[in-house]
Every structure is written in structure tokens, then in C-alpha cells.
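Peer 1: sequence first, then the predicted structure, then my questions.
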Amino acid sequence: MGNLWVGAWIASLTVGVLVWGLIFYAIIRFRRTRTNQVPRQSKYHLPMELLYTLVPFLIIGVLFFFTIRAQNDTLAKVDQPDKTINVVGQKWSWTFNYMEKDNPAVGETVHTVGTMSQIPTLYLQEGKTVRFNLKSADVIHSFWIPAFYFKLDVIPGHPNSFDVTPTKIGEYDGKCAELCGTYHAHMIFKVKVVDEKTYNQEMSKLKAAGNTGEIVPPVSATALPSETPQEEGK
Ligand SMILES: [Cu+2]
């Protein structure tokens, strides 16, 4: 996606420089003079008109080709993801279900339920391919980790999924990218890409805290804590 973005800028700038060049050439070369001569007219110049028509199609075709190629790469899924995380978007936070049944260090599904006052943290293990299954408990949200260059809508009744393999340990920001209602701005979360040991520790903490099993919509729509923030100054 980064290459597509940079490539699109290079292509746009190339076309831009050419067009600006022609504009400035025409402004200077054909500026009004004392003789007031009209430049040579080229109406119904067939080769020129064909060029006007074909070149934009060619530009669109090239951009389309590279866009589709990047899109297919981005949406490609592995046969067997290492981890599965079922995400629920709910007014106004996120729930992360870590499907850790096959992980001997954890042995079952654990979850984190975010609320407006408790911003949830999403843990990812470095180098492991994660399958995200996105479900909504109420309205359309959009799952977005800007540093990953990717977001996907979270639509009620229409689960979406994608794979990603985080390769850099670190902390990233996540947010909702779909204006979903009054407290849309509260739908932020932290993303921590960690090593295996830390990942398993965090999963075990959730297990020890009794956050086991999967929170599934539409149950979560009523079961999830829905709180309204105190109004300022009251
Ligand atoms: Cu939202």
C-alpha cells in the first residue's frame, strides 16, 4: 500500500508537471502583443483529439491495475492463521475475544471489554498472522489501526474479516473510522505488539480475572456496559 501511495504521487506529479508546463508555455508564448495576432487554431485536429481521449484512459488503466494488485495483496488470507481475534464494535468501545483454545499457555477463549472510561488494549503477538473477525453489536463502526495502513467496516449482520502479521514490536493507536454516533470519538483503543512471553502473560491475566469465553453480538449489545459520561462541570 505504501508503494501504491508513493507510485500514485509520482504519476500525479508527472502529469501535473507536464500540464503546468504546457499552461505556462501557452501563457508566455501566446501572450497578447501589440500586433494582436490570434495563434494558429487547431480545431478538429483528429490525432490531437484522439490523444486527449486515449491518454486519460491509459492513466486510469495503469492506476487501476496497480490498485487492484495492491488490494488483492492486502486482502489475501492465509489458510491457517496462527491467532484468531473476534472483534466486537459496540457503542462506544471495542471488545476483543482472543480465541486461544489451541494455545497451551492459555487453553481457552479470553476477552477484554472496553468501555468509554476504560480504553481497551489489543495485544498482538509479533510475527504471528492474526485473523480478525469483525462483528457489530449495534451500528456500523470501522476498525482502524492507522499505523497498519488499513481499516475495515464493522457492519451489523455482515461479518468482515482480514489477516495481518504484525512484524514490529511497539505501541500503536486504534480508533473507529466511521461516525457511529454521539460518542464515536470515545471509540479508541491501544494496540500493543509484543513477544510471545508477554502475549501469553496478558492472556493469562485475562483468564485469571475471569474474562473467559466469547462475548458475541447481539448478546453483547445488552450485556455490555453502556455508560454515559458525566457532563462537564456537574
Ligand atoms: Cu464506532
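Peer 2: Received, thanks.

Peer 1: any idea how far stretch 157-167 is from the middle of the chain?
Peer 2: Here stretch 157-167 shows a centroid-to-chain-centroid distance of 10 Å under the convention C-alpha atoms, centre = their mean, to the nearest Å.

Peer 1: which parts of that stretch are buried?
Peer 2: Buried residues in stretch 157-167, counting neighbours by 16 or more other C-beta atoms under 10 Å, are found at 160-164, 166. From N, CA and C alone the C-beta is placed, and that goes for glycine too.

Peer 1: now for those, which pair is the farthest apart?
Peer 2: Pairwise distances across these (C-beta to C-beta) peak at 18.9 Å, for the pair 160 and 166.

Peer 1: about what we covered before: out of the buried residues of stretch 157-167, flag the one nearest to residue 39.
Peer 2: The closest of the buried residues of stretch 157-167 to residue 39 turns out to be residue 162 (C-beta to C-beta; 55.4 Å).

Peer 1: partners of the helix or strand encompassing the closest one, with directions?
Peer 2: Per DSSP states H and E, residue 162 falls inside strand 160-164. Applying DSSP bridges, strand 160-164 is found paired with strand 130-136 (antiparallel).

Peer 1: ok so, going back, can the helix or strand following the strand holding residue 162 be found next to the ion?
Peer 2: Under the assignment DSSP H and E, the closest C-terminal helix or strand after strand 160-164 is strand 170-176. Yes - Strand 170-176 lies within reach of the ion by C-beta under 5 Å from the ion, at residue 176.

Peer 1: three-state assignment of residue 206?
Peer 2: At residue 206, secondary structure determined by DSSP: H, G, I helix; E, B strand; the rest coil is helix.

Peer 1: tell me the contacts of the most centrally placed residue in the chain?
Peer 2: In the chain, the centroid-proximal residue (C-alpha atoms, centre = their mean) is residue 151; its distance is 1.8 Å. Residue 151 makes contacts with 142-145, 177, as judged by C-beta atoms under 8 Å, 6 or more residues apart in numbering.
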